[in-house]
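Peer 1: Pasting a predicted model and its sequence here:
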Amino acid sequence: MSGRKIPATVVTGFLGAGKTSLIRHLLGQANGRRIALVVNEFGDIGIDGDVLKACADENCTEDDIVELANGCICCTVADDFLPTMQALLDRPEPPDHIVIETSGLALPKPLVRAFGWPEVRTRVTVDGVISVVDSRAVADGRFVDDDAAIEEQRRADENLDHDSPLEELFEDQLACADMVILNKTDLVDADALDVARRTVADGVRPAVKLVESAHGVVDAAVLLGLEASAEDDLDARPSHHDTADDHDHDDFESFHVEFDTVTGPDELTARLGKLANEHDILRVKGFAAVAGRAMRLVIQGVGGRFQHYYDRDWAADEDRVSRLVVIGQRGLDRQAIEAAIQG
């Protein structure tokens, strides 16, 4: 290890874009590399970390998966992230590569900047920032500015805040990327995919590559070994928050809901899809216990679209309790949402 910095890959992307799926696939084809994984959660229970631990193998054991559940990683660099990195680097056998999955609400640039701190600068480098994008969401125009409408609003009210927090997050994640994974291409037709391509291309730096995928299936040889040293060219990665002292998430809230066994996945996802549309919920993720099934059901939803799969058997000493994290913009009707989920 003498004289060599350990490479780290930062995986960023909006809520539900497919970051966890991408990393699950990456861990499954590590080709002998010892990979350490740092998972950041926005919310009070760690869903993504638990999902990834269920697929850990000899190249990435449970001990190699570290979960930071104390809020957005870009806001807790000194308290959480740097001590975690130091602990990984100080192991008798340090990892060959570190993969960091940020929260969907995280700004990547403050995290990349942390790699320049004296505690870690000489020992680890940012191999690349990978931004994962939901092709269908982008094709639907959810994060595209209408320049004409903005100019009209500005003329009407010069004090109006024109920028959506979601747009800023999306744009910052693209602007910091060394590679963009245009995910969920199986959910769009050719015309919609072309819209997504052009939209993303407008938001990235020159020479940043777009890689198309479905279900986060991208070869490890494509994702790792970019050698970007991203911490050394921060000025080339513009951010809406470059002049801000810090970054907060007052625009968002999250909570978790526990509920009993469900009759089946189709009934549950139909109910959640209707609920997400009615309450404008951004993201739902978690686990459910299904009647008559020994395996745990994983639920992943963005907007009104939901996916589900069984990941492992419930442990003998484990409570068969269903748990979901709900994430949305501030003002969610928590009582109504909890009541609907709990039935």
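Peer 2: The structure has been received and is ready for your questions.
Peer 1: OK, contacts around the nearest residue to V204 once chain neighbours are set aside?
Peer 2: Leaving aside its chain neighbours, V204 sits nearest to L174 (5.2 Å; criterion: Cβ to Cβ, 6 or more residues apart in numbering). (C-beta placed from N, C-alpha, C; glycine too.) L174 is in contact with 131, 133, 180, 200, 203-204, counting by Cβ atoms under 8 Å, 6 or more residues apart in numbering.
Peer 1: do that again at 7 Å, thanks
Peer 2: 131, 180, 200, 203-204 (Cβ atoms under 7 Å, 6 or more residues apart in numbering).
Peer 1: How about E212?
Peer 2: E212 touches 182, 185, counting by Cβ under 7 Å, 6+ apart.
Peer 1: What of A175?
Peer 2: With contacts defined as Cβ under 7 Å, 6+ apart, A175 is in contact with 203, 205, 237-239.
Peer 1: so how far is V204 from it?
Peer 2: From A175 across to V204, the span is 7 Å (Cβ to Cβ, to the nearest Å).
Peer 1: hang on, R113 packs against D232?
Peer 2: No. With contacts defined as Cβ atoms under 7 Å, R113 does not count as touching D232, sitting 10.9 Å away.
Peer 1: element containing the residue nearest to V204, please.
Peer 2: Element membership for L174 (DSSP states H and E) is helix 165-175.
Peer 1: Would you mark the buried spots in that helix?
Peer 2: Buried positions in helix 165-175, judged by neighbour count with 16 or more other Cβ atoms under 10 Å: 165-166, 168-175.
Peer 1: As JSON lines, these with pLDDT and distance to V126 would be great.
Peer 2: Below are the buried residues of helix 165-175 laid out as JSON lines (pLDDT from 0 to 100; distance: Cβ to Cβ, whole Å):
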{"residue": "P165", "pLDDT": "63", "distance to V126": "25"}
{"residue": "L166", "pLDDT": "72", "distance to V126": "25"}
{"residue": "E168", "pLDDT": "82", "distance to V126": "22"}
{"residue": "L169", "pLDDT": "82", "distance to V126": "19"}
{"residue": "F170", "pLDDT": "87", "distance to V126": "20"}
{"residue": "E171", "pLDDT": "89", "distance to V126": "20"}
{"residue": "D172", "pLDDT": "91", "distance to V126": "16"}
{"residue": "Q173", "pLDDT": "92", "distance to V126": "15"}
{"residue": "L174", "pLDDT": "94", "distance to V126": "16"}
{"residue": "A175", "pLDDT": "94", "distance to V126": "15"}
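Peer 1: Identify, from the residues you listed, the entry nearest to R283.
Peer 2: Using Cβ to Cβ, L166 is the member of the buried residues of helix 165-175 that lies nearest R283, at 11.6 Å.
Peer 1: Name the residues of stretch 267-276 that come out as buried.
Peer 2: 268-269, 272-273, 275-276.
Peer 1: want to throw the residues you listed into a markdown table with distance to G16?
Peer 2: Shown next, in a markdown table, are these (distance: Cβ to Cβ, whole Å):
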| residue | distance to G16 |
| --- | --- |
| L268 | 17 |
| T269 | 14 |
| L272 | 13 |
| G273 | 13 |
| L275 | 15 |
| A276 | 11 |
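Peer 1: Show me what the host helix or strand of I337 packs onto, helices and strands only.
Peer 2: Here I337, judged by DSSP H and E, is contained in helix 334-342. Packing partners of helix 334-342 (3 or more Cβ pairs under 7 Å, 6 or more residues apart in numbering; DSSP states H and E): strand 252-259, helix 265-279.
Peer 1: rerun at 10 Å
Peer 2: Taking 3 or more Cβ pairs under 10 Å, 6 or more residues apart in numbering; DSSP states H and E as contact, the helices and strands that helix 334-342 lies on are strand 252-259, helix 265-279, strand 283-289, strand 322-329.
Peer 1: Show me what it is in contact with.
Peer 2: 253, 255-260, 262, 268, 271-272, 274-276, 278-279, 281, 284, 286, 322, 324, 326, 328, 333 (Cβ atoms under 10 Å, 6 or more residues apart in numbering).
Peer 1: Between strand 322-329 and that helix, find me the angle.
Peer 2: Angle, helix 334-342 to strand 322-329, by axes from the mean of the first three to the mean of the last three Cα atoms, to 10 degrees: 140 degrees.
Peer 1: Going by neighbour count, list what's buried in helix 334-342.
Peer 2: By 16+ other Cβ under 10 Å, the buried positions in helix 334-342 come out as 337-338, 340-341.
Peer 1: Run the chain-centre distance for that helix.
Peer 2: Here helix 334-342 shows a centroid-to-chain-centroid distance of 25 Å under the convention Cα atoms, centre = their mean, to the nearest Å.
Peer 1: are any of the contacts of helix 334-342 buried, and which?
Peer 2: When those are checked for burial by 16+ other Cβ under 10 Å, the buried set is 253, 255-257, 259, 262, 268, 272, 275-276, 279, 281, 284, 286, 322, 324, 326, 328.
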